[in-house]
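Engineer: The following block contains a protein sequence and its predicted model.
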Amino acid sequence: MSALGRFRLAFRWALLATALVGLLAGLRASSQVRFADRRVGVAVDVSEAGGLVVLDTLAGGPAARAGLRAGDRLLALEGQPLRESGDFDRVAEGFRHGREVRFEVVRQGRSLEVTLVPGVAVRWLDLLLDLLVVALYAALGLIAATRAEEDHRATLLSAF
């Protein structure tokens with residue numbers, strides 16, 4: 001293969017890889033922005049005792065501000081039973097910006113009702129860093145593509 005042919009091949013691989021990385025970063029950004037109003041800032045897992053157990057809360061997030069803590073068991077959300085994390089997601093689809101939602105919680109054997117307003121701020125800095133990584137990734141691929149005629153390893157590098 002000629003030097004020009006290797007360059008073209010390397011350039012195509014670099015563009016394809018950059019497009020894929022860009023697509024993944026874009027999907028992540030879209031998800032963060034699209035679902036920000038539905039998030040409550042809580043990590044959960046299925047509890048053997050029933051419901052969902054709170055593993056952690058986001059510091060300063062709606063769940064933490066409302067008083068939810070690690071170890072709390074979430075039995076219901078808006079009157080809908082929570083048996084698996086998919087139940088939480090299904091109910092969360094109906095969340096509206098600025099509207100309170102009600103959790104039925106068990107903490108140390110006591111039943112509680114916790115009310116909070118969903119909505120976690122979009123982490124714009126993380127999104128901008130993702131875009132910067134994509135741009136740097138593209139630059140590295142293109143630099144490697146320009147070296148492809150001098151070094152065959154650069155053809156491989158431009159693909160990654």
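Structural biologist: Perfect, I can see it now. Numbering: from 1, shown residues only.
Engineer: The protein - how does it break down into domains?
Structural biologist: Per automatic domain parsing, the domain ranges recorded for the chain read 3-34+122-159, 40-116.
Engineer: These: lowest mean pLDDT?
Structural biologist: With a mean of 70, domain 3-34+122-159 has the lowest mean pLDDT of the domains of the chain.
Engineer: ok so, going back, now render the domains of the chain as a markdown table, adding mean neighbour count.
Structural biologist: Any C-beta I mention is one placed from the backbone N, CA and C, and that applies to glycine too. Rendered in a markdown table, the data for the domains of the chain read as follows (neighbours: other CB atoms under 10 Å):
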| stretch | mean neighbour count |
| --- | --- |
| domain 3-34+122-159 | 15 |
| domain 40-116 | 16 |
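Engineer: Now do the helices in the protein.
Structural biologist: Taking DSSP state H as the test, the helices found in the chain are 3-35, 62-66, 85-92, 124-146, 152-159.
Engineer: Enumerate every residue touching T57.
Structural biologist: Counting by CB atoms under 8 Å, 6 or more residues apart in numbering, T57 touches 41-43, 63-64, 68-70.
Engineer: Could you tell me which of these belong to strands?
Structural biologist: Among the contacts of T57, DSSP state E puts 42-43 in strands.
Engineer: now the contacts of T57 in a markdown table, with distance to P118?
Structural biologist: Shown next, in a markdown table, are those (distance: CB to CB, whole Å):
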| residue | distance to P118 |
| --- | --- |
| G41 | 9 |
| V42 | 10 |
| A43 | 15 |
| A63 | 9 |
| A64 | 13 |
| L68 | 12 |
| R69 | 18 |
| A70 | 19 |
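Engineer: L112: which of the contacts of T57 is nearest?
Structural biologist: Among the contacts of T57, L68 lies closest to L112 (CB to CB), at 9.4 Å.
Engineer: any idea how far T57 is from the closest one?
Structural biologist: 6 Å (CB to CB, to the nearest Å).
Engineer: For the nearest residue to G79 once chain neighbours are set aside, list each beta-bridge partner.
Structural biologist: Among residues not flanking G79 along the chain, R102 sits closest, at 7.5 Å (CB to CB, 6 or more residues apart in numbering). When assigned by DSSP bridges, R102 has beta-bridge partners T115.
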